[in-house]
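J.: got a predicted model here, sequence first, then my questions.
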Amino acid sequence: MPKLHKSQRSDTDPSVDDGAEATGPSRSATVVVGVLAVLVLAGGFWSLGLERDDHDHGDAAVIGETVELPEGLLRVDAVRPEIMAAMLMPASLMPDSVPDGYRRFVVDMSLVAAGTEELEYDASRFSISGEGLDRTPTHRAVTKAGTVPPGSQATVSMLFDAPLEVEPLYLHIEGTDRVVLLDGDLGDGHDHGESPDDLVISGFFEAEIEDFLFLPDDLIIEVGTDIRFHNHDAVVHDVAARDGSWDTGDLAADENSEVIRFNDPGTYEYFCSIHPTMTGVINVVSSS
């Protein structure tokens, strides 16, 4: 006997199985609901995946905001275009040029050793990322690796390369999951500007002696800041004030000077008495 359409079905026809007739639509509805549930769940997991994306940094700190580290505090003070002096490799090598399609910039940071232990820093602690850019290490440290004594502050600078089209960029610091949004003027990768006039160092700073140069050779610091010189050359140097008010004595290869504290505002010119062409200046300004 031919099957009856729903409109033709006889309520008294025993050949018609009402249960079987009802099962077809019910099963179809179940399948549809199941597919929709899978899609909803898949969409939920996809959304969660976006939230876990490394580049979704809703809690990112901004320039000037303090970030807690296990052994102290960090603050990004400035992001600025590359400085020619920071780009140059040792005198025996060619200048370290910026790759095509990239920009190079310096991140200036203040570090505070807030506990009873020294705070160590080097280039390996820092990296950057952005949309489409995986974690990328520093190109080079402007400030050589070192430590901040307990209760002291240091200003350090790191050099980064990033593709021109990637923005915004985020700074990652070893020891914390929090990142810093780098929204400063990153330049176009080929702006060899000077250090900004308002970059003032406070607390503690380690200056470098390398390739018969003082790095940097022009500092602005606040009253009460401690300066230490580190000799990276294989020969002996010293650092002496022009007015004779202070000197480090001879510094052998890889030797640190004693800390010199500058308590009075003024301009202090200095030089290496062993190699008089090596010169520098420290400008001490009031903390106000």
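T.: Good, I have the coordinates.

J.: which ones are touching Pro117?
T.: One thing to correct before we go on: residue 117 is Glu, not Pro. Contact analysis of Glu117 by CB atoms under 8 Å, 6 or more residues apart in numbering lists 71, 150. The C-beta positions use only the backbone N, C-alpha and C, and glycine is treated the same way.

J.: tell me how many other residues crowd the closest residue to Asp59 other than its chain neighbours.
T.: Among residues not flanking Asp59 along the chain, Arg178 sits closest, at 6.3 Å (CB to CB, 6 or more residues apart in numbering). For Arg178, the tally of surrounding residues (other CB atoms under 10 Å) stands at 18.

J.: would you mind measuring from Arg178 to Asp134?
T.: 19 Å (CB to CB, to the nearest Å).

J.: residues in contact with stretch 257-267?
T.: In contact with stretch 257-267 (CB under 8 Å, 6+ apart) are residues 204, 221, 223-231, 239, 246, 248-249, 251, 268, 281-286.

J.: buried residues in that stretch?
T.: Buried residues in stretch 257-267, counted by 16 or more other CB atoms under 10 Å: 257, 260, 262.

J.: domain ranges for this protein?
T.: 66-182, 204-285 (automatic domain parsing).

J.: with mean pLDDT added, can I get the ones you listed in TSV?
T.: Shown next, in TSV, are the domains of the chain (pLDDT from 0 to 100):
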stretch	mean pLDDT
domain 66-182	84
domain 204-285	92
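
J.: could the ones you listed be laid out in JSON lines, adding distance to Ala60?
T.: Shown next, in JSON lines, are the domains of the chain (distance: least, CB to CB, whole Å):
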{"stretch": "domain 66-182", "distance to Ala60": "4"}
{"stretch": "domain 204-285", "distance to Ala60": "27"}
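
J.: right, so of these, which gets closest to Asp59?
T.: domain 66-182 (6.3 Å; CB to CB).

J.: tell me how far the ends of the closest one are from each other?
T.: End-to-end distance for domain 66-182: 14 Å, by CA to CA, to the nearest Å.
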